[in-house]
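Asks: Let me see the structure of the following:
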Amino acid sequence: MDTMPNSLGTLTSRFGDPQQLVPELGDVSTALFKIIGNGAVPRSTVTLVHLRAGQLVENTYLTVMHTANARRAGVPEEKIAAVASWTDAPYFTPAERVALELAEAVLTSGGHGERVPDDLYERAAGHYDDRALATLAMAIGQVSFFIPLALIGKPLPGVAMAEQWRTATTD
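Replies: Residues are numbered from 1 along each chain as shown. Next up is the predicted model:
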């Protein structure tokens, strides 16, 4: 049974596959995935951070993609469902909580002052060593790198990779 709305078949992205348009993107993507896959931060934590980023920028493509990535990483369904309300959800470890808090601090304006104050950094340092903190920062940077492509290019959510960048002129 098809769970996608019928209108998805008629939707198009705003431009074609960015990797076809700018082939150098492949090298950047490969490097970013290698960095965050270095084992310093659990894959499940990275997927939660990426999922929260998609929610924060209110982008369906990123939210759907990172939900699927979280499932593949073995994150339990109740934890995936609770990412949007993580602050009061009982499912997250202290290390996951501080990772989500860091992502929110980086990706949302807190008004005045530092986005990542010393007390947040110190709490994060209580759960992650320097290598893991740098990796976590780069994981936030990785998703941040792709946010403009998702917001501007509007790839199609929930379809095969080959179909995400389907333009009106795509055969």
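Asks: any idea how far the nearest residue to Pro155 once chain neighbours are set aside lies from Pro76?
Replies: Taking C-beta to C-beta, 6 or more residues apart in numbering, and ignoring the residues beside it in sequence, Pro155 has Gln164 as its nearest neighbour in space, at 4.1 Å. The way it works is simple: take the backbone N, C-alpha and C, and place the C-beta from them, glycine included. Distance, Gln164 to Pro76, using C-beta to C-beta, to the nearest Å: 27 Å.
Asks: got it, and Asp130?
Replies: Relative to Pro76, and taking C-beta to C-beta, Asp130 is found at 29 Å.
Asks: now do Val46
Replies: 16 Å.
Asks: do you know how far Ile80 is from Ala68?
Replies: Shown here: Ile80 relative to Ala68, a distance of 10 Å by C-beta to C-beta.
Asks: which one of the two has more residues nearby?
Replies: Between Ile80 and Ala68, counted using other C-beta atoms under 10 Å, Ile80 has the larger neighbour count: 20 against 15.
Asks: Secondary structure element holding that one?
Replies: Assigned by DSSP states H and E, Ile80 belongs to helix 77-82.
Asks: Can you verify my assumption that Thr63 contacts Leu56?
Replies: No. Using C-beta atoms under 8 Å as the test, Thr63 is too far from Leu56 to be in contact (9.7 Å).
Asks: who has more neighbours, Asp130 and Pro76?
Replies: Comparing Asp130 with Pro76 by other C-beta under 10 Å, the one with more neighbours is Pro76, at 12 against 9.
Asks: What residues does the residue nearest to that one when sequence neighbours are not counted make contact with?
Replies: With sequence-adjacent residues excluded and distances taken as C-beta to C-beta, 6+ apart, Pro76 is closest to Tyr91, at 7.2 Å. By C-beta atoms under 8 Å, 6 or more residues apart in numbering, the contact list for Tyr91 reads 76, 78-79, 82.
Asks: And for Arg123?
Replies: Arg123 neighbours (C-beta under 8 Å, 6+ apart): 98, 101.
Asks: same thing but at 7 Å, please
Replies: Val98 (C-beta atoms under 7 Å, 6 or more residues apart in numbering).
Asks: So what does it look like in phi/psi?
Replies: Main-chain torsions, Arg123, degrees, to the nearest 10: phi -60, psi -40.
Asks: and if you look at Glu58?
Replies: Taking degrees, to the nearest 10, you get phi 50, psi 50 for the backbone angles of Glu58.
Asks: hey, C-alpha coordinates of the helix ranked longest in the chain in CSV?
Replies: Identified as the longest helix of the chain according to DSSP state H is helix 130-153. The C-alpha trace of helix 130-153 is given here as CSV (Å, rounded to 0.1, in the frame of the first residue of the first chain):
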residue,chain,number,x,y,z
ASP,A,130,37.3,16.8,23.0
ARG,A,131,37.2,14.6,19.9
ALA,A,132,33.6,13.7,20.4
LEU,A,133,32.7,17.4,21.0
ALA,A,134,34.4,18.4,17.8
THR,A,135,32.7,15.6,16.0
LEU,A,136,29.3,16.6,17.4
ALA,A,137,30.0,20.2,16.3
MET,A,138,30.8,18.9,12.8
ALA,A,139,27.6,16.8,12.8
ILE,A,140,25.6,19.9,13.5
GLY,A,141,27.7,21.6,10.8
GLN,A,142,27.0,18.8,8.3
VAL,A,143,23.3,19.1,8.6
SER,A,144,23.6,22.9,8.5
PHE,A,145,25.5,22.6,5.2
PHE,A,146,22.6,20.7,3.6
ILE,A,147,19.8,22.9,5.0
PRO,A,148,20.0,25.5,2.2
LEU,A,149,19.8,22.8,-0.4
ALA,A,150,16.7,21.4,1.3
LEU,A,151,15.0,24.8,1.8
ILE,A,152,15.9,26.3,-1.6
GLY,A,153,15.9,23.3,-3.8
